[in-house]
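1. Mind looking at a prediction? Sequence and model below.
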Amino acid sequence: MEQVKKSQPISLAEVKEILEKEDAEKMDQIQRWTHDYVTKFAKLDAKAAKKVKTELKKECGLTEEEAVEIVNIMPTTLAELRAFTFGWKKLILAETLEKILNIIKGNS
């Protein structure tokens with residue numbers, strides 16, 4: 001069993017990119033299920049996901065985890081975005097929420 005060398009949050013698109021480099025015949029059951037899941041639910045390709053994640057962190061002051069959550073969901077309305085940010089237990093200004101939506105809309 002391999003030892004975990006590094007742990008960091010990554011988007012579904014990035015997981016998909018990693019798994020697509022593997023031989024599907026050699027994947028274990030969990031890897032196949034994960035690949036099926038990310039293939040169905042990743043909203044962007046890995047390059048675009050990384051770009052959006054970087055912009056969200058730089059322009060909106062989001063943490064890596066928060067940016068990944070937004071990239072995975074890609075909310076399209078303010079109400080939808082508020083539903084996710086509510087759970088972060090920190091105040092996100094309306095101006096920042098609008099900026100997040102503009103970044104998403106500019107990359108979807």
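-> Happy to help now that I have it.

2. Okay, domains of this structure per the record?
-> 12-41, 46-107 (automatic domain parsing).

3. Out of those domains, which gets nearest to residue 3?
-> domain 12-41 (17.1 Å; C-beta to C-beta). The C-beta positions use only the backbone N, C-alpha and C, and glycine is treated the same way.

4. in that closest one, what counts as buried?
-> By neighbour count with 16 or more other C-beta atoms under 10 Å, domain 12-41 contains the buried residues 12, 13, 14, 15, 16, 17, 19, 34, 35, 38.

5. That domain: end-to-end distance?
-> 7 Å (C-alpha to C-alpha, to the nearest Å).

6. Double-check residue 101 against residue 75; I have them as touching.
-> Yes - the pair residue 101 / residue 75 is scored as a contact, 7.4 Å apart, by C-beta atoms under 8 Å.

7. List the contacts of the closest residue to residue 75 other than its chain neighbours.
-> Among residues not flanking residue 75 along the chain, residue 81 sits closest, at 4.3 Å (C-beta to C-beta, 6 or more residues apart in numbering). Contact partners of residue 81, counting by C-beta atoms under 8 Å, 6 or more residues apart in numbering, are 70, 75, 97, 100, 101.

8. Quick check: which ranges of the protein have low pLDDT?
-> Within the chain, the set of residues satisfying pLDDT under 70 comprises 1-2.

9. could you pull out the helices for it?
-> 12-20, 29-41, 46-60, 64-73, 78-85, 94-107 (DSSP state H).

10. Now these in TSV, please, with extra columns for distance to residue 5.
-> Converted to TSV, the helices of the chain look like this (distance: least, C-beta to C-beta, whole Å):
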stretch	distance to residue 5
helix 12-20	14
helix 29-41	18
helix 46-60	20
helix 64-73	17
helix 78-85	30
helix 94-107	30
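
11. How many neighbouring residues does the closest residue to residue 104 other than its chain neighbours have?
-> In this structure, residue 104 finds its nearest non-sequential neighbour in residue 74, 5.8 Å apart by C-beta to C-beta, 6+ apart. Neighbour count of residue 74, defined by other C-beta atoms under 10 Å: 18.
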